[in-house]
Every structure is written in structure tokens, then in C-alpha cells.
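Chemist: When you get a sec, could you give me coordinates for this:
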Amino acid sequence: MYKIIFLLIIFSFLGFSNDLHTSLVSIGVETDYINHAGENKRITVKREIDPECKNIHISNDVFWKDKYASRSVLKACKSTFITSAGKTIFPMQIHKDIETYGEMEVMTFIKNMQQDKSMLFIDTRDEEWYEYRTIPGAVNIHYAYMTMPKVFEEEYKASLVKLGVLAKNKSFDFSQAKTILLFCNGAWCSQSPKMIKALLSLGYPPKKIKWYRGGMDDWLGLSMTTTRK
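Modeler: Numbers count the residues shown, from 1 in each chain. From the prediction side, this is the model:
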């Protein structure tokens, strides 16, 4: 135990505490999103913890008892979710040149794209899911638009424009392609992986593709800001 405490102290002096990430969580990142009425809104993305939950003592009994949380934990401090969704679980890395993001990398991406129009945050789910709740700053490009271009011809062409891809007959110009971050419902959701696969087949540069594997499942589990209040 003393050895662990000593190592934690040493790591903090060496910069492992990562002050930038800590500040992003507490201060938040501002971005725009369009609400259900079509109005452009400004919102701060951060971890939203109920004040009543900040003094919960962390222990095995509190966190893991009764399959999820102890009955003594306030209802406002609990999250529930479906554990049987999806037919598979995707690996942490789906391509050797595509970075897999966690929540802090997503926050940094949202922050940086405010000043960089060559970055695009994409929710690949159905429009109904997107309108119900998404991560602020994300635009909606349905994965099927890229996987079934003959079915969704107009949407496919419009999506290429959003991505900064210039189509010339059957060839594509990726010189102005945006750096994109894609997500869907979680590590079990196949929608963003399918869209990534379709983009790669077109020749989209893999180094310009980022993937938030945890998606909405992890985002909500960590009480992060969404467009639904």
C-alpha cells in the first residue's frame, strides 16, 4: 500500500496528473448545437455530477453490491443501462492507423474544432436517435448514407461535401478531407465501424479518422453533457 501511494506521488510530480484533462472536466468546453426547434444553441460540455453525489464514499460495497450500486446510494447518483445490447463487442483498435478515443480525447477534439473548420464530429446513428440525444457539437451523417450510396444517392453526395471529399466520376479527391471523429451507441454498436469501413474503401485517409469506441453508452455512464435536458 505504501509503495502504491509513493508511486502516485512520484507520478504527480512527473506530470502524470494531466492538468489539461482535469481542467477540461471541471471547466468544460463550449460548443454549438442545433436543438429540436432548429435553433442554434451554445452549450458547455462537461461532467455533470449532482451535488448530492460528490460526497459518496468509494468502496466495493458501495460500487458493486447488488450488481451495480448499493441500495444506500441515492437514486440521483445511480445510472442504469441495458447490458444485453448488440451482437458483438468491437476491439479497442479497428485499424492500425485509426486512433481510438476516450472521453477526454473527445473533449479535446470538441475544443479544438471550435477554431478548426477542418475537423468534424460525427454521430453516425439514425436521425431519430440523434435528435433524441447526442453529444453537443456532433453533426448527423447516417452510416447507411456511406454504406449504401446507391440507395441514398443524394444523401451520399451531400455527405461527401460535408466530409470535404471532392467526387470526380468514380475517383475521389481527399486533399481537403476533414479530420473526423465518429461514434454511435457504444462498443457493441456496429454503425460507426461500418461507416469507417465504407470510408476506407473509398480511400479516405485513415490518419484523418478517429473513433470514439465507447459512444453514447460510455458518455452517459460518466454523466457527460448531452443535448437532452
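Chemist: where does this protein dip in pLDDT?
Modeler: The chain contains residues with pLDDT under 70 at 1-23, 25, 60, 62-68, 229.
Chemist: tell me the strands in the chain, going along the chain?
Modeler: Assigned by DSSP state E, the chain shows strands spanning 29-34, 40-45, 99-101, 119-123, 139-140, 166-168, 171-173, 179-183, 209-212.
Chemist: Which elements pack onto the first one?
Modeler: It stands for strand 29-34. Contacts defined by 3 or more Cβ pairs under 8 Å, 6 or more residues apart in numbering; DSSP states H and E place strand 29-34 against strand 40-45, helix 103-113. Where C-beta positions appear, they are placed from N, C-alpha and C, glycine not excepted.
Chemist: Now the last one - C-alpha only, CSV.
Modeler: The C-alpha atoms that make up helix 103-113 are tabulated as CSV, following Å, rounded to 0.1, in the frame of the first residue of the first chain:
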residue,chain,number,x,y,z
GLU,A,103,-13.9,10.8,-23.3
MET,A,104,-11.0,13.2,-22.7
GLU,A,105,-9.8,12.9,-26.2
VAL,A,106,-13.4,13.6,-27.4
MET,A,107,-13.5,16.7,-25.2
THR,A,108,-10.2,17.9,-26.6
PHE,A,109,-11.5,17.3,-30.2
ILE,A,110,-14.6,19.3,-29.4
LYS,A,111,-12.5,22.1,-28.0
ASN,A,112,-10.1,22.3,-30.9
MET,A,113,-12.7,22.1,-33.6
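Chemist: now it: how far from the chain's centre is it?
Modeler: From the chain centre to the centre of helix 103-113 is a distance of 9 Å (Cα atoms, centre = their mean, to the nearest Å).
Chemist: helices or strands next to that helix in the packing?
Modeler: helix 19-27, strand 29-34, strand 119-123, strand 179-183, strand 209-212, helix 215-221.
Chemist: Repeat that for the shortest one.
Modeler: Other helices and strands packing on strand 40-45, by 3+ Cβ pairs under 8 Å, 6+ apart, are strand 29-34.
Chemist: Pull the residues that contact the strand it packs on.
Modeler: Strand 29-34 has contacts (Cβ atoms under 8 Å, 6 or more residues apart in numbering) with 40-46, 107, 110-111, 113-114, 134, 136-138, 227.
Chemist: and these, which are buried?
Modeler: Ile43, Val45, Lys46, Met107, Ile110, Lys111, Met113, Thr134, Pro136, Gly137, Ala138, Thr227 (16 or more other Cβ atoms under 10 Å).
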